[in-house]
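In: How does the following fold in three dimensions:
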Amino acid sequence: MWTCPNCGHQFFQRNLWHSCGNFTVEGFLEGKSERAIELFWYFVNEYNKIGPIILHPVKTRIALMVQVRFAGVTKLGKDYIEGAFWSKEKVNSDKFYKISQLSPHDWGLHFRISDESFIDDEFRRYMKAAYAIGERQHLKGKSTRKEKHSKLQDFSAPR
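Out: This next block holds a predicted model:
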């Protein structure tokens, strides 16, 4: 993990783009309704059942992170929360009010939670899939750009 010397946030890659700032979870929740805060913590606690997470507050959201950010809560309404997951595949589910294509192989799954019962077995499957992306499991067995470059250097080095 790399720690930004300006804001102290941790990232998987050195010099990863981000907006430095002194943002806190408490600041994000400040002035929000009691019900929205309850739903926020319920969502976070459901993720903690899957595995340990880091809450990464930024200016516009609270991102959830393992090695990389994989989900976030973007809005706390009077009696709901909104957020999104990172997905490696397009899905067709009524659980999401919007599905946005981020790249040819990346999707944003946008949800709105107004009741704890919304987080059912189906929704937990999407939570777990996003968590796996946060752990970078989709890269297992794939060479990174740095590893590929290193292999090329090894191959071309004089013997």
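In: so F70 touches F85, yeah?
Out: Yes - using C-beta atoms under 8 Å, F70 is in contact with F85, at 6.9 Å. Quick note: C-beta positions are derived from backbone N, CA and C, even for glycine.
In: Need the overlap of contacts for these two.
Out: Here F70 and F85 have A130 as joint contacts, going by C-beta atoms under 8 Å, 6 or more residues apart in numbering.
In: Let's see the pLDDT reported for S19.
Out: In this prediction, S19 carries a pLDDT score of 62.
In: any weak-confidence spans in this structure?
Out: Within the chain, the segments meeting pLDDT under 70 span 1-2, 4-21, 141-159.
In: quick one, strands of it?
Out: For the chain, the strands defined by DSSP state E cover 2-3, 10-11, 54-57, 62-65, 69-76, 81-87, 98-103, 106-113.
In: Tell me which of those lies nearest to K32.
Out: Nearest of these to K32, taken as C-beta to C-beta: strand 69-76 at 4.3 Å.
In: Now the closest one: buried residues?
Out: Using 16 or more other C-beta atoms under 10 Å as the test for burial, strand 69-76 gives R69, F70, A71, G72, V73, L76.
In: which residues touch stretch 71-80?
Out: Defining contact as C-beta under 8 Å, 6+ apart, one finds that stretch 71-80 is touched by 28-29, 32-33, 35-37, 39-40, 43, 47, 60-64, 81-86, 112-114, 127, 130-131, 134.
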